[in-house]
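Colleague: A predicted structure for the sequence below; I have some questions about it.
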There are 2 protein chains.
Amino acid sequence: MQSYYIRYKCAIFAEKFFQKNYSLINLVLGSARFTKEMQKKLVHAMSLLAVGTVAFDDIETPFGHAEMVVGGAATYITLAASYFAEDLKIVSVIGDDFPQEELEHLKSRNIDLEGLQIKKGEKSFFWAGRYHDNLNERDTLDTQLNVLADFDPILPASYQNTEYLMLGNLTPAIQQKVIERLDTRPKFVALDTMNFWMDTAMESLLEVIGKIDCLIINDEEARQLSGEHSLVKAAATIHKMGPRYLVIKKGEHGALLFEGGKIFFAPALPLAEVFDPTGAGDTFAGGFMGYIANTGDLSFDNMKRAVIYGSAMASFCVEKFSIERLKNLSNKEIKERVAQFVELVNFDAQL
Amino acid sequence: MQSYYIRYKCAIFAEKFFQKNYSLINLVLGSARFTKEMQKKLVHAMSLLAVGTVAFDDIETPFGHAEMVVGGAATYITLAASYFAEDLKIVSVIGDDFPQEELEHLKSRNIDLEGLQIKKGEKSFFWAGRYHDNLNERDTLDTQLNVLADFDPILPASYQNTEYLMLGNLTPAIQQKVIERLDTRPKFVALDTMNFWMDTAMESLLEVIGKIDCLIINDEEARQLSGEHSLVKAAATIHKMGPRYLVIKKGEHGALLFEGGKIFFAPALPLAEVFDPTGAGDTFAGGFMGYIANTGDLSFDNMKRAVIYGSAMASFCVEKFSIERLKNLSNKEIKERVAQFVELVNFDAQL
């Protein structure tokens, strides 16, 4: 894989060169289109709809305490995806306690909030948690459903053309409603869920899982859902439930992608500092779906790249509290981070 | 990395072709040497000395119970290494209760037992353990030091030319003695240890760690030894203790190789069935050291390959009880297993 790294170095250099010599190049090559392509970099226009919470978090880690900071699955998913896809939409609900400037920031990232309901006089969903020293475990200190208690996902007419759908972790019944309310089925539907729904709503969860293309869950959830300890066996069982693709997130141990008999493993980047893991899973899903929406390619080879881009975005997310690190990343930072993943697993087998 | 897979396919084909057409090729190419090279395949003569237990295990897993089966670090290390290195030596001690046919089998794998002391009327080291259903945790049910209680590692004169030394998990003082008793320091010294020695003999452990080239431990041991939770920080701390190379084993989550600022990650092969994890760590170390002894190349790139070969050997080890799976592997099986590792992490970043 050395070659990809070199290819990447060349790409970076070429990009810098073209940016610096834009007019000169136009003069020389007489081709604005080519250089415009270079300028466009990663982002590409494909519609991606994210359904999930937009919320407040109160987070305690060994490194500090962040009170009433912006969180929520749909927030992390769309912010991460905004580095790859231009036409982003949110279906969610908040109270009138949500800061306007945070909404403006989401809009500034090309995220359409027409489907974000704002309930007058009500409060946004709130979660408070404390992470253990190892940052792998956390205790939920408080959960206030507030506006989420009677959330009915209403889809604006402009959302009907959605090509890619990411159903963030929510009541399976709500995830199901969104699929039903789209006149034409999206090209690709992914779903995230959690053990809580397996304990309390397995039947409706299995029903919606039967309608999706890709399930994104962690290793313990995969074991609970399938009843198999071996993740290879768990994947085979889950494929039978419907999803053609399965992503099993293993936190600091990386992620596995399954399709039929094929398996791909993406490591997590070994980091010196993990500051706040909150939203890492949703950020992974956002990067993963954003990359797929950007490329429109559902081949296993492209899914592998999507997993790597998702992992790269998640590795940024944990570097700061809340959504801070996802607010203004550069394409250069993202490409360099992906190159680190290439380096991390790169070896010449010399078979 | 596609290319390596193709290269591997070509290698397999070429090998088969040369084997089938041995005499024809000699006739055509008039070169026996070339085809002999092909026949030699993996194994290469470099002296590797393994110090560690040769013992009996009593193993209970969810899949069955194996009583008084052959185990011990030195056994697994040398058996795994025997697929890569020809000149293998053991320094260890057993009682006269050890089955002769098992010793003959080790000899048949080119393992020199001159340094294996046999104590008349005494019993070999014995360990009994029961694995939990997840196979990641185990309880030690019984440990009988027996001959190991007063083990003095005596090195035959013929062992003095050892180029590669693998110090299996033992009392740090014994590991230290072996280094001191070698007139010329080996080209490369690796050491395995465990939390027990960190709790009971940290001072002498740190002394011997200061004399080695490569430390091979698991993630929890790395955290305990360094006092750092982040494995990246742990690695930096452990490098300061002496070892230029550090391998952190994460069981089913793979292994990390550190040298200075460089990091390489090797996944564990996702297996449908893990039958018995006993000896997997020692088998990894044997494959790792065997590959290094085979190639004589201490570059980071070659160390990466050694980690992959070690992981491949470990993936065989867990498929059966005791040393069964390591008794008669073919080079073809090993190469195919390594090719699976290539496939598992292979992606085209398209940066």
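Modeller: Structure received.

Colleague: helix, strand, or coil at A:Met68?
Modeller: Assigned with DSSP: H, G, I helix; E, B strand; the rest coil, A:Met68 falls in the strand class.

Colleague: wait, I meant A:Trp197
Modeller: helix.

Colleague: what do you get for A:Val338?
Modeller: Three states are possible here, and by three-state DSSP the one that applies to A:Val338 is helix.

Colleague: which residues sit in contact with the nearest residue to it once chain neighbours are set aside?
Modeller: Taking CB to CB, 6 or more residues apart in numbering or on different chains as the measure, A:Val338 lies nearest to A:Ala312, with 4.9 Å between them; neighbours along the chain are not counted. Where C-beta positions appear, they are placed from N, C-alpha and C, glycine not excepted. A:Ala312 makes contact with A:269, A:287, A:334, A:337-338, A:340-341, according to CB atoms under 8 Å, 6 or more residues apart in numbering or on different chains.

Colleague: between these, which is closest to B:Ser124?
Modeller: Distance to B:Ser124, by CB to CB, is smallest for A:Leu269 among the contacts of A:Ala312, at 44.7 Å.

Colleague: how about the residues of the stretch 251-351 of chain A near chain B?
Modeller: Taking CB under 8 Å from any CB of the partner chain as the test, the list of the stretch 251-351 of chain A residues beside chain B reads A:253-254, A:256, A:263-267, A:270-274, A:301, A:304-305, A:308, A:335, A:338-339, A:341-342, A:344-351.

Colleague: out of the residues you listed, which are inside strands?
Modeller: Within these, residues falling in strands by DSSP state E are A:256, A:263-266.

Colleague: can you put these in a markdown table and add neighbour count and distance to B:Gln176?
Modeller: Formatted as a markdown table, those follow (neighbours: other CB atoms under 10 Å in any protein chain shown; distance: CB to CB, whole Å):
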| residue | neighbour count | distance to B:Gln176 |
| --- | --- | --- |
| A:Leu256 | 24 | 41 |
| A:Ile263 | 21 | 43 |
| A:Phe264 | 23 | 44 |
| A:Phe265 | 28 | 38 |
| A:Ala266 | 30 | 41 |
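
Colleague: which of the residues you listed sit farthest apart?
Modeller: A:Ile263 and A:Ala266 (11.0 Å).

Colleague: common neighbours of the two, please.
Modeller: Residues touching both A:Ile263 and A:Ala266 (CB under 8 Å, 6+ apart) are A:256-257.

Colleague: remind me, longest strand of chain A?
Modeller: strand A:85-95.

Colleague: got the contact list for A:Thr184?
Modeller: By CB under 8 Å, 6+ apart, A:Thr184 lies in contact with A:160-161.

Colleague: tell me which element it falls in.
Modeller: Assigned by DSSP states H and E, A:Thr184 falls within no helix or strand.

Colleague: distance of it from chain B?
Modeller: Remark: distance between A:Thr184 and chain B (CB to the nearest CB, to the nearest Å) = 30 Å.

Colleague: what about that residue, distance to B:Pro270?
Modeller: Here the criterion is CB to CB, to the nearest Å. By it, A:Thr184 lies 36 Å from B:Pro270.

Colleague: how about the helices in the stretch 201-350 of chain A?
Modeller: In the stretch 201-350 of chain A, helices defined by DSSP state H, counting those that start in this stretch lie at A:202-209, A:219-226, A:231-240, A:280-295, A:300-317, A:331-345, listed in chain order.
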